[in-house]
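[1] this is the structure alone, sequence omitted:
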């Protein structure tokens, strides 16, 4: 069931078109992240959903009601949206308890039930006993928790979180994020989280919608987004990516790393230039190939028989993919749990270096020779030859 | 965190209107983003009212014809007034810059004994009306006269206008810059000149321009020491010679001078940006150890306070004690105080009310045209009180056949126009304490617009609005120039009754009025200053 549905949403500020025909469906009970670089219109989208901005065209449906559409505009106070802004925006003149109870009408709730609900919510966000404090007496993480409790108090149709963790210190961010995620899951509240942080989106959300050029470029579960990006740009936006040229031949693709199986023809059918290429039949076609750093195995030294080293032309190596590619380490970043190594292919000094993620990786130093071998199926987008 | 049944959604809860049904129909509205039409309309109206004095001035000037204007402007008197006004302004401004900056540095950056007390005492003279300072000096010593007298009196009366911004800037300046300069091999003196003064440069110049604006508008203090400037000449033309055309011609030149100063100020403000790294963690620099120099520093501060505060107060007390054969009749003190308070309350209310829409537009709905609207209201700053009074007199005479001239409503309007910029600054500051994001959160929690205004916006801005109101009130009760021109016959305020006694040399009768004005202006100003200093540190302090 869809709890929040956006269709054909346009929003411009003066001459600047921020959102263009944006479509988005948020399933009930899910936590959907809207991911995009700063300036991509994430916050504008959120503000339109909350009713702080009017859409130029398109519809916003919250629950079963049209909130914004032709001839209809539901003001923010009628939308039952739980809004958690970036800085929390607690009311500075009210205590924590009064902040949480702000949306609970005294008349309809009654004094006692209001107090009880407020205490329960504070308990749930782990702030029991702080009800008499003022916002400036709380830490940043505590303020965010109060802001969330305040939003949940009105039993909202949807909770909107606008980069709620961005203003927190790094060490706080992870724990607050985890708590918020758990709380939202337990309450079964549908929520939309806006962020520019890929890690945050991938680790927190059930579904991630990537905002690009005023529209949603892809909306999928985090795993799918990472393993099956719609295009090369998306691939390098979500996580690290080696994008290398290759020749597509049916269900396999050949690159300077060897021959790899291609996952699902559907995944590759969408790429840039596929349509322009005309014939979809079998045959050799140039393609852009995505190989994630962790798909590449790094073996110190050179193999006995250099399988690929003899290839004269990059991308046309005649090997069967078992030999691997030799290269020299040009960069080495150690992260404790793993290491990220950049390797310059020896046969082609002009080619962009490849990024490899390796566990442990003890005795690696820049300049040393290594052999690379790619594993697993890869994704390839057919390209027109320029 | 443990699983809690509270958080489970049990359908639309009590008090929550279902999101479907008739609500949608009721909430149907225009789809276009709403422009704050009512706000823009009222702000435009207010800007128009504020522009009235300037407009009337121009109408009057064009009415009498370019030839007549030229004849009235290009005469020896004008040249003399120009010379008088400019040289006095330059002299006083320069003195204020030196004294204000030195005092600020002593109080903010050194270990001079009693810093906290000095910080208060040095500012108090600002609250004493300039004409009371002038009275205090000129009534005791006859050599306080003419140019020399005007320089002494005005410097002592207005140097806090430089002191205040410079002290604030020194307090907020990044101590790291001085430390870096020292570490790069720059000596103490060089560091002081290049870094410390450099950081405060914008504040010093800003303060100087404020001083210049006051100098252009002052009337009473100059009249007492017998020094002629544009403002005193205009006043004489209106109240003694009853020649509005001649007054208007001179007023044109005065407004032009003010516009030049105002323009310089705006230009400066645009340029003088001081950047500060890591604004959050504010470090206070260690005070400069004066050592043996603390004696001259102490002596300087003592002399400054004695001359600016001690002489006017002491002189008033002296005249009150030796009241001799003074027997002029006038309005009683309680009566004058009552009238003053009434005028003050009404005009402070009006000014604050007028400032609200303009400030709301500026803070909440910024945009090109709206910014222009707000900026235009600052033009009033360039129109001295005497010109506002002149323009309003002209208006009643010309268009209302004298109806309304010298009535309370006209005087209150004049006050409100004069002190509008003061109210605007206060109201804008108070609105900044209620960011729009709080309104949005409140509305998303189901509260309609008016409820939000009451439960959030007014709670946060209310104290600041009261402070803005008080600032205008305090300024009104010591206003003299416009009061003398527009006050209804038979009525006196504290300032105008003081003036009657003073000009008749009945010092013994004038002195109590001077003391009352010092008391009502100085003490609340001090409280207000403390209030603004405390700032937004603790929002509950405001309620």
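    Structure's in. What do you need? Values in this document were obtained by computation on a predicted structure and should not be read as measured data.
[2] any low-confidence regions in the stretch 151-300 of chain A?
    For the stretch 151-300 of chain A, the stretches flagged by pLDDT under 70 are A:264-283.
[3] so which bits of it are right by chain B?
    For the stretch 151-300 of chain A, the contact set with chain B under C-beta under 8 Å from any C-beta of the partner chain comprises A:151-155, A:157, A:179, A:182-183, A:186-189. Where you see a C-beta, it was placed from the backbone N, CA and C, and this is true even at glycine.
[4] what is the nearest of the residues you listed to chain B?
    Chain B has its nearest neighbour among these in residue A:187, at 3.3 Å by C-beta to the nearest C-beta.
[5] if we can go back for a sec, show only the entries of the residues of the stretch 151-300 of chain A next to chain B found in helices.
    Per DSSP state H, helices hold the following members of these: A:151, A:152, A:153, A:179, A:182, A:183, A:186, A:187.
[6] now which of the residues of the stretch 151-300 of chain A next to chain B would you call buried?
    A:151, A:152, A:153, A:154, A:155, A:157, A:179, A:183, A:186, A:187, A:189 (16 or more other C-beta atoms under 10 Å in any protein chain shown).
[7] widest-spaced pair of the residues you listed?
    Distance extremes for these: the farthest pair is A:157 and A:179 at 22.3 Å, using C-beta to C-beta.
[8] which regions of the stretch 401-543 of chain B sit below the pLDDT cut-off?
    B:523-543.
[9] re earlier: got JSON lines for the ones in helices among the residues of the stretch 151-300 of chain A next to chain B, with distance to residue A:193 too?
    Listed next are those as JSON lines, based on distance: C-beta to C-beta, whole Å:
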{"residue": "A:151", "distance to residue A:193": "12"}
{"residue": "A:152", "distance to residue A:193": "14"}
{"residue": "A:153", "distance to residue A:193": "19"}
{"residue": "A:179", "distance to residue A:193": "14"}
{"residue": "A:182", "distance to residue A:193": "14"}
{"residue": "A:183", "distance to residue A:193": "13"}
{"residue": "A:186", "distance to residue A:193": "16"}
{"residue": "A:187", "distance to residue A:193": "15"}
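[10] tell me which two in the residues you listed are the farthest apart.
    A:153 and A:182 (18.0 Å).
[11] contacts only, for the residue nearest the centre of chain B.
    In chain B, the centroid-proximal residue (C-alpha atoms, centre = their mean) is residue B:422; its distance is 4.7 Å. By C-beta atoms under 8 Å, 6 or more residues apart in numbering or on different chains, the residues touching residue B:422 are B:351, B:468, B:471, B:472, B:475.
[12] next: residue A:117.
    Taking C-beta under 8 Å, 6+ apart, we find residue A:117 in contact with A:101, A:104, A:109, A:153, B:6.
[13] mind doing that once more with 10 Å?
    By C-beta atoms under 10 Å, 6 or more residues apart in numbering or on different chains, residue A:117 lies in contact with A:100, A:101, A:104, A:109, A:149, A:152, A:153, A:155, B:6, B:13.
[14] likewise residue B:250?
    B:72-73, B:77-78, B:81, B:230-231, B:233-238, B:243, B:386-387, B:390.
[15] in a strand, it, correct?
    No - using DSSP: H, G, I helix; E, B strand; the rest coil, the assignment for residue B:250 is helix, not a strand.
[16] quick one: contacts for the closest residue to it other than its chain neighbours?
    Leaving aside its sequence neighbours, residue B:250 sits nearest to residue B:234 (C-beta to C-beta, 6 or more residues apart in numbering or on different chains; 4.9 Å). Taking C-beta under 10 Å, 6+ apart, we find residue B:234 in contact with B:81, B:219, B:246-251, B:253-254, B:384, B:386-387, B:389-390, B:481, B:485.
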